[in-house]
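K.L.:
need coordinates for the below:
(one chain, ligands or ions: 2)
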Amino acid sequence: MALTGELFIASKRVARDAGFRAVAAATGSEIEPSFSTATLEDVDAACAAAEAAFLPYSSLSREERAKFLEAIAEEIEALGDELIERAMQESGLPQARLQGERGRTAGQLRLFAKELRLGDYLRVRIDHAIPDRAPLPKPDLRLRMVPLGPVAVFGASNFPLAFSTAGGDTASALAAGCPVVVKGHPAHPGTAELVASAIQRAVEKTGMPAGVFSMVAGTANELGEALVRDPRITAVGFTGSRGGGLALVRIAQSRPVPIPVYAEMSSINPVFLLPAALEARAEALGKGYVASVTMGAGQFCTNPGLVLALEGPALERFLAAASEAMLGAPAQVMLTPNIHKAYESGVSKLAGVPTVEQIAQGVEPQGPTCARGALFTMKGADFIADPSHAEEIFGATSLLVRCASVDELKKVISLLEGQLTTTLHMDDADVAIAQELLPSLERLAGRILANGWPTGVEVTDAMVHGGPFPSTSDGRSTSVGTLAIGRYLRPVSYQDLPEALLPADLRDGAGVPARVDGKPTV
Ligand SMILES: NC(=O)C1=CN([C@@H]2O[C@H](COP(=O)(O)OP(=O)(O)OC[C@H]3O[C@@H](n4cnc5c(N)ncnc54)[C@H](O)[C@@H]3O)[C@@H](O)[C@H]2O)C=CC1
Ligand SMILES: O=C(O)CCC(=O)C(=O)O
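P.N.:
Numbers count the residues shown, from 1 in each chain. Ligands and ions are numbered 1, 2, ... in the order given. Down below sits the predicted model:
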């Protein structure tokens, strides 16, 4: 399918004169074709169409919405190699990674179709009336979750498929019953157009209201700002920089009608090497660490950017193994010239800190947007004196903090900002320390791992990919896993409504999992 560079307003292609081009990640050179830059009128038209589609779309049956999500998954798969090739060119990510990401994207859509059919996300509660209760009769009360309204989704640079046009936020919003207006990431407009065309075909095939999906694109911030400011938008999903996420939060909060922004922003994912585990397998841990730090050129918000351990010979063995692995780690192309520049400047800033020692670098990079990994260490006491060194450097670099005691380690934890994940490497003999740390780790992060590495997120019912600020702007939610549907829903209680008016899922015997008169039905 030839790329046309058009926008998608209410599932129809629209061309504009002004345009921008994608940049090939590996060379930094512009590639064809030119993509239309959306105007503010296009944002307005997309939001108006989303609003017009809201009631027709949200009142469809759960089965109809499930079929729509499945049709999107099929259409994305039908794009074949063309999608993977364009995404490789635009993002510099390797083929196998993008094939995996495509599978995850289709899998997420199908998982939400299953979620719709299960129906427990509606959180139905029925409290039957007791008309003869004294002194006052008890009314009939029935609760279910309803969709918020049109949702704005910002595509992420580092996941051109799974966190972009038809990614997690789009899938969960569409599942919830919310039309979506996507603001495509300017780093991968061709990938976004291909995926948008797949959604457009799914809209046609399943007879969805046209305004259920639009995609606007462009390089200026004013486009995203206008989208978040639009009164018809009721929630925002975002993955990207802390500055970008916070700018959108500020806009959303200063609207006459403030709205929630679910922004995933920055996380360094602290990893704890507890003493017995370190003693037992320092070398294997050192290798596993570097594999996780360098995976995907380190461009994961789950990248292990901070490691904490107690000083001692086992830590020296770990550092030797990690350094050796890093010395042999090939340089990798980064997603965009700007992300490459930000990485290089973050690494040189950290390398220039007198209390920080650089212990290893990866293989010398060859291309203009290629970067090498780097490992740094510093003493716990120095970190405590200036915890600003824990700022995220987006890329394949990590800082190891050597602590003199468990108390020092706890002090370091207390200075950390909110995180997506935290990891314990532990053996049986470490259980007592792990238990002592656990309550503070629960306060710190959205996911706690044992004996693994945080990169790679399973898409399941029990996944939380979220966490306290600044890892996200709202730690009560997740962007991955079926619980994500909840971010685009709100509860409504129906009191004494006649059966004819009650939504089908709230009638007696509807077959939806429910809590009826205080007892779960399944
Ligand atoms: N922690 C994480 O998961 C990620 C962090 N990043 C960080 O973000 C940096 C830049 O990467 P990008 O992906 O381009 O993120 P970004 O935050 O600059 O851009 C993401 C999206 O938000 C829009 N945007 C950004 N600032 C905005 C503003 N003030 N108003 C309206 N719209 C705005 C952009 O046009 C783009 O569509 C990276 O170097 C890295 O530090 C990037 C991707 C993921
Ligand atoms: O590792 C993953 O699968 C998700 C990571 C992520 O959300 C991110 O890097 O932005």
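K.L.:
pull the contacting residues for the closest residue to residue 150 other than its chain neighbours.
P.N.:
In this structure, residue 150 finds its nearest non-sequential neighbour in residue 50, 3.6 Å apart by CB to CB, 6 or more residues apart in numbering. Glycine gets a C-beta too; all of them are placed from N, C-alpha and C. Residue 50 sits next to 150, 179-181, 211-212, 214, 232-233 when contact means CB atoms under 8 Å, 6 or more residues apart in numbering.
K.L.:
output those residues as a markdown table; include the columns distance to residue 407.
P.N.:
Output for the contacts of residue 50, formatted as a markdown table (distance: CB to CB, whole Å):
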| residue | distance to residue 407 |
| --- | --- |
| 150 | 51 |
| 179 | 53 |
| 180 | 49 |
| 181 | 51 |
| 211 | 58 |
| 212 | 55 |
| 214 | 55 |
| 232 | 53 |
| 233 | 48 |
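K.L.:
quick one: which of the residues you listed is nearest ligand 2?
P.N.:
Nearest to ligand 2, judged by CB to the nearest ligand atom, of the contacts of residue 50 is residue 180 at 18.4 Å.
K.L.:
which strand residues bridge that closest one?
P.N.:
residue 151, residue 213 (DSSP bridges).
K.L.:
what helix or strand is residue 413 located in?
P.N.:
helix 406-415 (DSSP states H and E).
K.L.:
buried ones in the helix or strand containing the residue nearest to residue 150?
P.N.:
Using DSSP H and E, residue 50 maps to helix 40-58. If you call a residue buried by 16 or more other CB atoms under 10 Å, then helix 40-58 has these buried ones: 42-43, 45-54, 57-58.
K.L.:
dump the C-alpha coordinates for it into PDB.
P.N.:
Presented in PDB, the C-alpha positions along helix 40-58 are these (Å, rounded to 0.1, in the frame of the first residue of the first chain):
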ATOM      1  CA  LEU A  40      -6.300  23.400  14.300                       C
ATOM      2  CA  GLU A  41      -9.500  23.100  12.300                       C
ATOM      3  CA  ASP A  42      -8.600  19.400  11.700                       C
ATOM      4  CA  VAL A  43      -8.300  18.900  15.500                       C
ATOM      5  CA  ASP A  44     -11.600  20.600  15.900                       C
ATOM      6  CA  ALA A  45     -13.200  18.400  13.200                       C
ATOM      7  CA  ALA A  46     -11.700  15.200  14.700                       C
ATOM      8  CA  CYS A  47     -13.000  16.100  18.200                       C
ATOM      9  CA  ALA A  48     -16.500  17.100  16.800                       C
ATOM     10  CA  ALA A  49     -16.700  13.700  15.000                       C
ATOM     11  CA  ALA A  50     -15.600  11.900  18.100                       C
ATOM     12  CA  GLU A  51     -18.300  13.600  20.100                       C
ATOM     13  CA  ALA A  52     -20.900  12.800  17.500                       C
ATOM     14  CA  ALA A  53     -19.800   9.100  17.500                       C
ATOM     15  CA  PHE A  54     -19.700   8.800  21.300                       C
ATOM     16  CA  LEU A  55     -23.400   7.900  22.000                       C
ATOM     17  CA  PRO A  56     -23.900   5.600  19.000                       C
ATOM     18  CA  TYR A  57     -20.600   3.900  19.700                       C
ATOM     19  CA  SER A  58     -20.900   3.600  23.500                       C
END
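K.L.:
show the average pLDDT along that helix.
P.N.:
Average pLDDT, helix 40-58: 98.
K.L.:
next one: stretch 346-365
P.N.:
97.
K.L.:
one more: stretch 208-226?
P.N.:
Rounded mean pLDDT across stretch 208-226 is 98.
K.L.:
how much space separates residue 420 from residue 373?
P.N.:
20 Å (CB to CB, to the nearest Å).
K.L.:
between the two, which has more neighbouring residues?
P.N.:
residue 420 (30 against 25; other CB atoms under 10 Å).
K.L.:
circling back to that earlier point, and the helix holding residue 413, what other elements does it pack with?
P.N.:
strand 306-310, helix 380-385, strand 397-403, helix 431-444 (3 or more CB pairs under 8 Å, 6 or more residues apart in numbering; DSSP states H and E).
K.L.:
and for stretch 116-132, what's in contact with it?
P.N.:
Contacts of stretch 116-132 (CB under 8 Å, 6+ apart): 62-63, 65-66, 69, 115, 137-145, 175, 482, 485-486, 489, 491, 496, 505-506, 508, 510, 512-518.
K.L.:
so which of the residues you listed are in strands?
P.N.:
Of the positions in the contacts of stretch 116-132, 141-145, 489, 491, 514-516 sit in strands, assigned by DSSP state E.
K.L.:
now these: which count as buried?
P.N.:
Applying 16+ other CB under 10 Å to the ones in strands among the contacts of stretch 116-132 flags 142-145, 489, 514 as buried.
K.L.:
near ligand 1, which residues of the chain show up?
P.N.:
154, 156-158, 183, 185-186, 221, 224-225, 239-241, 244, 247, 264-266, 301, 339, 342, 394 (CB under 6 Å from any ligand atom).
K.L.:
tell me which of the residues you listed fall in helices.
P.N.:
Using DSSP state H, the subset of the residues of the chain next to ligand 1 located in helices is 221, 224-225, 244, 247, 339, 342.
K.L.:
between the two ends of stretch 181-189, how far is it?
P.N.:
End-to-end distance of stretch 181-189 (CA to CA, to the nearest Å): 15 Å.
K.L.:
quick check: domain ranges of this structure?
P.N.:
If you go by automatic domain parsing, the domain ranges for the chain are 7-265+474-490, 271-450.
K.L.:
using CSV, please lay out those together with distance to ligand 2.
P.N.:
Shown next, in CSV, are these (distance: least, CB to the nearest ligand atom, whole Å):
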stretch, distance to ligand 2
domain 7-265+474-490, 5
domain 271-450, 4
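K.L.:
hey, which of those domains is tucked in deepest?
P.N.:
When you average the neighbours per residue for each of the domains of the chain (mean count of other CB atoms under 10 Å), domain 7-265+474-490 leads with a mean of 21.
K.L.:
what's the average pLDDT for stretch 250-259?
P.N.:
On average, stretch 250-259 scores 98.
K.L.:
what are the phi and psi values for the spatially most central residue of the chain?
P.N.:
For the chain, the residue sitting closest to the mean C-alpha position, by CA atoms, centre = their mean, is residue 479 at 4.9 Å. Residue 479 adopts backbone torsions of phi -100, psi -10, taken as degrees, to the nearest 10.
K.L.:
list the residues that contact it.
P.N.:
So residue 479 contacts 163, 168-169, 172, 237, 239, 262, 264, 465-466, 472, 487 (CB under 8 Å, 6+ apart).
K.L.:
redo that, cut-off 6 Å
P.N.:
By CB atoms under 6 Å, 6 or more residues apart in numbering, residue 479 lies in contact with 168, 264, 465.
K.L.:
hmm, who's touching the host helix or strand of residue 32?
P.N.:
Taking DSSP H and E as the definition, one finds residue 32 inside strand 30-36. For strand 30-36, the surrounding residues in contact (CB under 6 Å, 6+ apart) are 3, 5-7, 15-16, 19-24, 189, 217.
K.L.:
span of stretch 484-497 from start to end?
P.N.:
So stretch 484-497: terminal residues 30 Å apart, CA to CA.
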